[in-house]
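Q: quick one, fold the following:
(chains A and B)
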Amino acid sequence: MSDLKKIKDEFLLKLRGKLDISQLNQIKSDLFGKNGLISTQFKKIGTIVESERKKFASDLNLVKDELQDLINSKINEAESAEINKRLDKEKIDITLPERSFVRGKIHPVSQTIDEISSIFSEIGFSVEEGPDVENEYNNFTALNTPDNHPARDMHDTFYLDEKKQKLLRTHTSPVQIRTMLRDKPPFKIIAPGRTYRSDSDQTHSPMFHQVEGLHIDKNINMGHLKGCLNYFIKEFFEIEKIKMRFRPSHFPFTEPSAEVDIGYEMKDGKILIGEGNQWLEILGCGMVHPNVLKNAKVNPTKFQGYAFGIGIDRLAMLKYGINDLRAFFDCDYRWLNHFGFDPLDVPTNYRGLSR
Amino acid sequence: MKITFDWLRDHLKTNSEEKNLLERLTNIGLEVENVESTPDENKLFKVAKIIKIEKHPNADRLKVCDVNIGEGELKKVVCGAANAKEGLITIYAPPGAIIPKTKIKLEVAKIRGITSYGMLCSESELNLSEESDGITELSTKYKKKIGKSYFSKSNSNLIDLSITPNRSDCLGFRGIARDLAASGFGKLKDFKEKKIQSKIPQRIKVKIIKEKNQGCTVFGSCLITNVKNTESPKWLKDKLISVGQKPISAIVDITNYVMLDINRPLHSYDADKIEKFIIVRNSKSGEEFTALDNKNYKLESGMCVISDKKGVLGLGGIIGGTRSSTELNTKNILLESAYFQPGSIRNTSKRLNLDTDAKFRFERGIDPLSIEHGLNKAALLIKEICGGEISKIDIQKIEKYRTKKIKFNTDLFEKISGFKISTTEMIKILYNLGFKVKKDKKILDLTLPSWRPDISQEVDIVEELVRLTGYNKIKTINPIKDRKKPTLNKSQKLFHFLQRSVASKGYLEAITWSFTDSNFNNYFKNEKKEIKIVNPISSELNVLRSSIFSNLIMYMNKNLDRGFKDLSIFEIGPIFTGSNPGEQKTVVTGLSAGKKSRLSWIEKEREVDVFDVKRDVIQTLVEAGYDSNQFFIDSNTPNYYHPGKSGRLFLNKEKNNEVAYFGEIHPNILKKIDVKTESLVGFEIFLDNFELTKKTLNDQKNKFSYSDYQKSERDFAFIINKDVKAQDLISAVSSIDQKLISNIKVFDVYEGNNIPENQKSIAISLTIQSFEKTLNENDLEKINNLIIKTVENKTGAKIRS
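A: Numbering: from 1, shown residues only, chains lettered A, B, ... in the order given. From the prediction side, this is the model:
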């Protein structure tokens, strides 16, 4: 029996046993190390007679490949057995709680303002702002509400001086005046913000939010007003079918004036906006009074248009089923967490208002 | 304004149902706020006759009555009234009836051992009069009505209208009927005015003083002598009761009726109590009188008063006085029908804080031409009910009524409303509203009715026409989706970005009042001035906030009291630096309390600290597009922060823009407010101090470049004076060559053993990598030495060997 066959048989036998990685590595080096049995055989090739040399070399290679493959696969086997053995020990209780992560929330009023801005953005309105402290002129007189006018009774005003010249704005309408005095027509703006009236009960709070709308151009009429609000209401409530009613009303700064009601019904104690048989007042609007335009240095014979004012808190209450207005400003952790929105929920034109 | 359809029909001819009326009222701008159905229970009150009376066996004052309640049916009723006697016709309320005055529902009850089936009612219990002594005594005329319901059946519900302040004309039934008729709902009935036919002069002299700010311009009056003031007849009582008014006496009821019917307030004086004459004048400061509300009023100068020789009788158009008031035994009446200026009325009533029905009407504007009409109507009714003789009408005026005119271009209608109606239609509506109309091509020459003080220009006419045609006729013009200007400007974008950025770091957004408690505000006012609200809603909300912290800490405390321990809240909104418009700043303020990883099985719990809020602030600014490598921080913070554990952040090293404070809230404040938490840290970011980048997102990114040459990481430890800041050390290193040296990190700060007193050791790690070549040992050695030398020179540090 040739040496080769002897080596092969001997090691095939050895490799049949249960071997760990170090044993396998030992065998590997016994065979293929610098002075390993197979390596030694390769060194002999040169000494073999020419006629047998070719066969010897080919046999040697066959033996080498066979043993090598066997050893490698045995090593792989042993390695994965070893990992598996370790994994057995590494089992954890994966139902234990994860590391904590806290994300904050966006207040429903802020979310609603973003929704409103997104809707009006699409039809070309831009956002304007004004100060919370206003002068008497911008808040009342310029808006065609002279002193000694009963309409002032509708606004219980917070004053900052005895002469009643400085006050906390009672509506966002003074932003109309500021915008018109600063720029040139046409105007197409909304102005969301804080407003104040000294009034506090279940449905009134001394601070609340309004969004003012103003569209002034050469030929803007009541049809545009109706269309704009119709569009807004549908988009805002994300309902295709919604009943809307315009009815005459009175505001000193608009003529003609209107209030807008939407249909609703009560179902299981919850308010359902849409096609119900009851009416809910949600905003006031009208054609900007020529006196207001004059006060704001806009020529009323050339320009006309509409304005509207919407209670933001009320819209948020209706859309998100919030019952108590005062809770908006009560800062109760549980309330904020429940009614707040994830900051990643940014209302956008392309993605829509809601997820 | 409360109305019934029945009363409205006095002025309006219509066959429509109430349902349609309600809809039409709202559609023309007379909004129906509420409809109260007349209680069916009123049917239960029956005319009844006492047949037999026996003494109650167990009570001296009580009587047991057998009452015939119709068709011979007898009920036993226990009654305590002294006037109950056999044969009396009265009003019986059965068990189940609700007594109008007390709203108590009757039940079968045992009274001292005797079962009583119902009750016999007094007038006051039925709200018929103030008469509460004894049960109602009906005349023998009611004999035929025994068993029938006492109250006449009324189908008319009580309709509560919300009349806007411009529509004084609709504070009377006539005006409402006119509006309805103009909208095509029924026809306005003709006004059959009966006039006083008298030759007797009005003998009490009336004079209106011509003086500055005289609030009365016309004073009409007539004298009715020898009247017998009495209870009102049933029709009049029923009318007043139907709209929720309480009948008092014929004279008062009649003036009320005329006021409600045609919106003409009147006042009746007991003529015998007027001393000599009547003078209408401005009050003098300090004058006093007792008004009909039984309150004594001390007047300031310049209020319009009706006076006699003795002094003030009443405040014209607001309230009369007790000295000249009419009573049941009044014999001679002076009836006043005047015109008072709305501004004057409003001024006086505001100064005296007085609100009356007459004031409400006069301040909105009464028809100045209704003076005689009101006197005719009321005086004739008084004569009819109370008898007496009426004098001629006396009218004093210091101003003549001028009719108002408007030229209305019919084109304006379509221009404003967006739809068309014919000129004929316009003329018809305006005519029905009481306008006199003359047409001249496109122009309508309009003479305004005297009862419409709210109309003064063309656009008011448009409103009338659109309103009465119906807002449902307005077309819906869909908006065009077109945007010419950006929706938000840069600072608005920053606002929205910071808001969501802070929220994403675990803070719940709160919205609190812009005002606060001055006691709390003082803690956070620092050097700002206090801005008081003159008329705060409560003393806890008496100043505009100088910082958002005051409210936020207050609410944080409330939440801690609710049992929540680890909380982060924030608000973005205004703080106020002065009481002028624009003296305000927009601030994001956050507050974080308690611990991190409280009761965690996996992470070590610790208190929130200043480096938590520092991270939140810096990360927020980085997200907003600002480069943290440029930031500069020092420890100059307002006095409400912990002086040693707080920082002030600038966007750049030139310290141009102070954009944020962060740190622990001062322990003294926590103690005073009694905040129950382990730790409270907060921050403020000032939006107005940002230099807004003009760049787009694309511009903000630097050119993309990186080095593929080998990089090496090096660590250094420096011994340095305690008061030298880590920021100084880092900026010394990065000043060498920011392209070559990057990624500088502080990985250890140490004081104590082996370090001299007043010194500390700061260890930093950094990366050295060239953009040009692989650095050899020699190059690296040179850079190492440069770093050490630079740091030592700039900060006084020594490398730790």
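
Q: give me the domain ranges for the chain.
A: Reading this off chain A. A:3-89, A:108-339 (automatic domain parsing).

Q: switch to chain B, that's the one I care about
A: If you go by automatic domain parsing, chain B breaks into B:2-38+B:155-188, B:40-145, B:205-397, B:405-473, B:490-689, B:706-799.

Q: worst mean pLDDT among the ones you listed?
A: Comparing mean pLDDT across those, the weakest is domain B:40-145, with a mean of 85.

Q: check which helix or strand covers the residue positioned nearest the centre of chain B.
A: Geometric centre of chain B, nearest residue: residue B:537, 12.4 Å, by Cα atoms, centre = their mean. For residue B:537, there is no host helix or strand (DSSP states H and E).

Q: ditto for residue B:95
A: Here residue B:95 is assigned to no helix or strand, by DSSP H and E.

Q: distance to residue A:252 added to the domains of chain B, as TSV?
A: Glycine gets a C-beta too; all of them are placed from N, C-alpha and C. Formatted as TSV, these follow (distance: least, Cβ to Cβ, whole Å):
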stretch	distance to residue A:252
domain B:2-38+B:155-188	8
domain B:40-145	39
domain B:205-397	13
domain B:405-473	10
domain B:490-689	21
domain B:706-799	58
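
Q: quick one: closest of those to residue B:696.
A: Taking Cβ to Cβ, domain B:490-689 is the member of the domains of chain B nearest to residue B:696, at 10.3 Å.

Q: the closest one: end-to-end distance?
A: 13 Å (Cα to Cα, to the nearest Å).

Q: next one: stretch A:133-145
A: 18 Å.

Q: does any part of that stretch sit near chain B?
A: Yes. Stretch A:133-145 reaches chain B (Cβ under 8 Å from any Cβ of the partner chain) through A:133-135, A:138.

Q: what is the nearest of the residues you listed to residue B:289?
A: Distances from residue B:289 to the residues of stretch A:133-145 next to chain B, taken by Cβ to Cβ, are shortest for residue A:135, at 38.1 Å.

Q: now do the SS call for the nearest residue to residue A:53 once chain neighbours are set aside.
A: Leaving aside its sequence neighbours, residue A:53 sits nearest to residue A:45 (Cβ to Cβ, 6 or more residues apart in numbering or on different chains; 6.5 Å). Here residue A:45 is helix, with the state taken from DSSP: H, G, I helix; E, B strand; the rest coil.

Q: remind me what the longest helix anywhere in chain A packs against, helices and strands.
A: The single longest helix within chain A, with elements called by DSSP state H, is helix A:50-89. Applying 3 or more Cβ pairs under 8 Å, 6 or more residues apart in numbering or on different chains; DSSP states H and E, one finds that helix A:50-89 contacts helix A:3-16, helix A:21-32, helix A:37-44.

Q: ok, residues contacting whichever helix or strand comes after it?
A: Counting by DSSP H and E, the next helix or strand C-terminal to helix A:50-89 is helix A:108-122. Residues outside helix A:108-122 that contact it (Cβ atoms under 8 Å, 6 or more residues apart in numbering or on different chains): A:127, A:190, A:192, A:209, A:211, A:213, A:231-232, A:235-236, A:310, A:312-313, A:315-316, A:319-320, A:322, A:328, A:339-341, A:345-349, A:353, B:481, B:483, B:487-488, B:496, B:499, B:509, B:511, B:572.

Q: in the stretch 51-200 of chain B, what residue comes closest to chain A?
A: At 3.4 Å from chain A, residue B:164 is the closest residue in the stretch 51-200 of chain B, using Cβ to the nearest Cβ.

Q: give the buried residues for stretch B:54-74.
A: Residues of stretch B:54-74 classed as buried: B:56, B:62-65, B:67-70 (neighbour count, 16 or more other Cβ atoms under 10 Å in any protein chain shown).

Q: now, the contacts of helix A:108-122 that are in strands?
A: A:127, A:190, A:192, A:209, A:211, A:213, A:310, B:509, B:572 (DSSP state E).

Q: spatially, which two of those residues are the most separated?
A: It's A:213 and B:509 that sit farthest apart of the ones in strands among the contacts of helix A:108-122, by Cβ to Cβ, at 24.7 Å.

Q: is stretch B:170-182 anywhere near chain A?
A: No. Stretch B:170-182 stays clear of chain A (Cβ under 8 Å from any Cβ), getting no nearer than 10.5 Å.

Q: what about the helices in the stretch 651-800 of chain B?
A: Counting by DSSP state H, counting those that start in this stretch, one finds helices in the stretch 651-800 of chain B at the ranges B:667-673, B:697-700, B:726-734, B:777-795.

Q: buried sites along the first one?
A: Which is helix B:667-673. B:669-670, B:673.

Q: let me know whether that helix sits next to chain A.
A: No. In terms of Cβ under 8 Å from any Cβ, no part of helix B:667-673 sits within range of chain A; the closest distance is 15.2 Å.

Q: next: the shortest one.
A: No. Contact of helix B:697-700 with chain A is not found when judged by Cβ under 8 Å from any Cβ; the minimum separation is 15.4 Å.

Q: average pLDDT across that helix?
A: On average, helix B:697-700 scores 72.

Q: which residues sit against it?
A: Contacts of helix B:697-700 (Cβ under 8 Å, 6+ apart): B:625, B:693.

Q: with stretch A:175-182 instead?
A: Outside stretch A:175-182, the residues touching it (Cβ under 8 Å, 6+ apart) are A:128-130, A:138, A:142-143, A:187, A:189, A:191, A:193, A:212, A:214, A:216, A:253, A:288, A:292-293, A:295-298, A:307.

Q: mind running it again at 10 Å?
A: A:126-131, A:134, A:137-139, A:141-143, A:169, A:187, A:189-193, A:210-214, A:216, A:253, A:288, A:292-293, A:295-298, A:303, A:307, A:309, B:581 (Cβ atoms under 10 Å, 6 or more residues apart in numbering or on different chains).

Q: got the buried residues for it?
A: So, applying 16+ other Cβ under 10 Å, buried residues of stretch A:175-182: A:175-180.

Q: next one: stretch B:91-99
A: For stretch B:91-99, by 16+ other Cβ under 10 Å, it's B:91-94, B:97-99.

Q: cool, stretch B:544-554 as well?
A: Buried-residue list, stretch B:544-554, by 16+ other Cβ under 10 Å: B:544-554.

Q: sorry, back to before: let's see if you can find the most crowded of the residues of stretch A:133-145 next to chain B.
A: Within the residues of stretch A:133-145 next to chain B, most neighbours by other Cβ atoms under 10 Å in any protein chain shown means residue A:134, with 27 neighbours.

Q: ok, longest strand in chain A?
A: strand A:254-267.

Q: model confidence over that one, on average?
A: 93.

Q: next, count neighbours for residue B:776.
A: Neighbour count for residue B:776, taken as other Cβ under 10 Å: 9.

Q: of the domains of chain B, which approaches residue A:156 most closely?
A: Of all the domains of chain B, domain B:490-689 comes closest under Cβ to Cβ, at 8.8 Å.

Q: what's the spacing between residue B:500 and residue A:344?
A: 8 Å (Cβ to Cβ, to the nearest Å).

Q: are there residues contacting both of these two? Which ones?
A: Common neighbours of residue B:500 and residue A:344 (Cβ under 10 Å, 6+ apart) are residue A:106.
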